[in-house]
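Student: Output the structure for:
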Amino acid sequence: MDNGTTSIRNTVASMRDAVLFEAPERRQRLNRFWILLILSTIIASAGVVADSTATVIGAMIVAPMLLPIQGTVLSTVLGDRTNLVRSIALVIAGASASVAIGYLIGLSVANEVVAATNTQVAGRVNPGLMDLLAALGTGVVGSIALIRRDISDTLPGVAIAISLVPPLAVAGLTLESGAYSQSLGALLLFTTNVAAILVTGIAVMAFYGVGRVPPADGHAGGEQAGRKPVNRRHATLAIVSMLLIVGIPLTISSISSSRNALRESSVRSVAEAWTKAGGWVLLQVNTTHDGVVVRAAGPLPLPDAESLKKLLIDAGIDPSNIDLELVPSYKVKLGGP
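Tutor: Numbering: from 1, shown residues only. So this is what the prediction gives:
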């Protein structure tokens, strides 16, 4: 590193102070972490229930979950076993608390909070490879912001871009609603974001040579003295393996989503022509666990469903798992005699 780059870098001591929960301020920092986590989860849960994007973004800014995750990165790079265990435990405990808070808030909601009726839920229960790509990019920015003083002001933007607490709130809300697969999908999104931050953080810190900096820059790391250091290679391999494992369901989900989108497009083009010919209007074409649902509305009499089936077969589409929902509509002139 040249002198110009070194001058804008934070010291290891300042990075430790930023993301690790060490004495003598450990209790104060933990109190602040839990207060902000509880409040941010409440805000996020309320925003999800109200289907309010602005409220959810506000919760992202308040949420402190990024700190122990970056603490895990820094502890791995420095070989600090004590803080590595402490940071991992805080991530797990914080995530569990957020899910529990979301579940409790869900108990007070009359309607089910699920993807079918809530856009905030729908956007967080079916993660794909694009979510992983976004998380990787955001993780790089967050790690650089931790290392370099000149771009540390981007951390609020990182907090918004990397979704940590909202998926946990969604997991609790959907779990209470009985939508277990959606709850698992939200947890997968959270795990994806965590894995991306860990992998990119270690890579960025290795690039900047953080692990090669001696601890004599103002922070002796007294808590670590006399303890066996963590094997950095093994810890890094474990984190990379975690990302690869997460990538498997994300790949499957992405392929499934692409396949469903192509099938919906084909069915929609046929259904639009069929409904238009019968004087009806195509409302929507959605993929569910049971197949594809086509919903249309129009005046009586009902159109011939067999004709739609024939059109689908002629277009090379298997109609066996396609359901047709017809909604008769009536026009009444209230001002008439």
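Student: who touches Leu198 in this structure?
Tutor: 69, 72-73, 76, 139, 239, 242-243 (CB atoms under 8 Å, 6 or more residues apart in numbering). In this view, the C-beta of every residue, glycine as well, is placed from N, C-alpha and C.
Student: Wasn't it part of a helix?
Tutor: Yes: looking at Leu198 with DSSP: H, G, I helix; E, B strand; the rest coil, it is inside a helix.
Student: What are the structural domain limits within the protein?
Tutor: For the chain, automatic domain parsing gives the domain ranges 3-230, 262-328.
Student: starting at the chain centroid, how far to the helix or strand where Thr41 lies?
Tutor: Using DSSP states H and E, Thr41 sits in helix 26-49. The chain centroid and the centroid of helix 26-49 are separated by 17 Å under CA atoms, centre = their mean, to the nearest Å.
Student: Likewise for stretch 246-260?
Tutor: 15 Å.
Student: Buried residues of that stretch, list them for me.
Tutor: Buried residues in stretch 246-260, counted by 16 or more other CB atoms under 10 Å: 246, 249-250, 253-254, 257.
Student: same question, stretch 198-206
Tutor: 198-205.
Student: one step back: can you pull the buried residues of the following helix or strand past the helix holding Thr41?
Tutor: Next in sequence after helix 26-49, counting helices and strands by DSSP H and E, comes helix 53-62. Neighbour-count burial for helix 53-62, with 16+ other CB under 10 Å as criterion, is recorded at 55-60, 62.
Student: and the angle from helix 53-62 to helix 26-49?
Tutor: When axes from the mean of the first three to the mean of the last three CA atoms, to 10 degrees is applied, the directions of helix 53-62 and helix 26-49 differ by 170 degrees.
Student: Just list what helix 53-62 packs against, helices and strands only.
Tutor: With contacts defined as 3 or more CB pairs under 8 Å, 6 or more residues apart in numbering; DSSP states H and E, the packing partners of helix 53-62 are helix 26-49, helix 155-161, helix 165-176.
Student: As TSV, these with distance to Leu334 would be great.
Tutor: Formatted as TSV, those follow (distance: least, CB to CB, whole Å):
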stretch	distance to Leu334
helix 26-49	36
helix 155-161	49
helix 165-176	41
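Student: weakest of those helices by average pLDDT?
Tutor: Ranked by mean pLDDT, the helices and strands packed on helix 53-62 bottom out at helix 155-161, with a mean of 67.
Student: where are the low-confidence patches of the stretch 51-200 of the chain?
Tutor: Residues of the stretch 51-200 of the chain that meet the criterion pLDDT under 70 lie in 152-159.
Student: List the residues that contact Gln182.
Tutor: Counting by CB under 8 Å, 6+ apart, Gln182 touches 114-115, 121, 125, 170, 174.
Student: Most neighbours among those residues, which one?
Tutor: In terms of neighbour count, Val170 stands highest of the contacts of Gln182 at 37 neighbours, by other CB atoms under 10 Å.
Student: Next, the contact list for the residue nearest to the spatial centre of the chain, please.
Tutor: In the chain, the residue lying closest to the centroid (CA atoms, centre = their mean) is Leu189, at 3.7 Å. When contacts are counted by CB under 8 Å, 6+ apart, Leu189 touches 124-125, 127, 131, 163, 167.
Student: Out of those residues, which two are the most distant from each other?
Tutor: Longest distance between any two of the contacts of Leu189 is 12.1 Å, between Val125 and Ser163; criterion CB to CB.
Student: one step back: tell me the helix or strand right after the helix or strand containing the residue nearest to the centre of the chain.
Tutor: Using DSSP H and E, the element containing Leu189 is helix 180-207. Later in the chain than helix 180-207, the nearest helix or strand by DSSP H and E is helix 232-277.
Student: That next one - contacts with which helices or strands?
Tutor: When contacts are defined as 3+ CB pairs under 8 Å, 6+ apart, helix 232-277 packs onto helix 66-78, helix 129-147, helix 180-207, strand 281-288, strand 291-298, helix 305-314.
Student: Below-threshold pLDDT in the stretch 201-337 of the chain: ranges please.
Tutor: Counting by pLDDT under 70, the stretch 201-337 of the chain shows low-confidence ranges at 211-230, 336-337.
Student: mind listing what's buried in stretch 107-116?
Tutor: Judged by neighbour count using 16+ other CB under 10 Å, the buried positions of stretch 107-116 are 112-115.
Student: unless I'm mixing things up, Ile202 is touching Thr72, no?
Tutor: No: using CB atoms under 8 Å, Ile202 makes no contact with Thr72, being 9.5 Å away.
Student: Now the terminal residues of stretch 317-329, how far apart.
Tutor: One end of stretch 317-329 sits 28 Å from the other (CA to CA, to the nearest Å).
Student: do stretch 165-185 as well
Tutor: End-to-end distance for stretch 165-185, by CA to CA: 14 Å.
Student: What residues of it count as buried?
Tutor: Under 16+ other CB under 10 Å, the buried positions of stretch 165-185 are 165-177, 179, 182-183, 185.
Student: Equivalent analysis for stretch 30-44, please.
Tutor: Judged by neighbour count (16+ other CB under 10 Å), stretch 30-44 contains these buried residues: 33, 36-37, 40-44.
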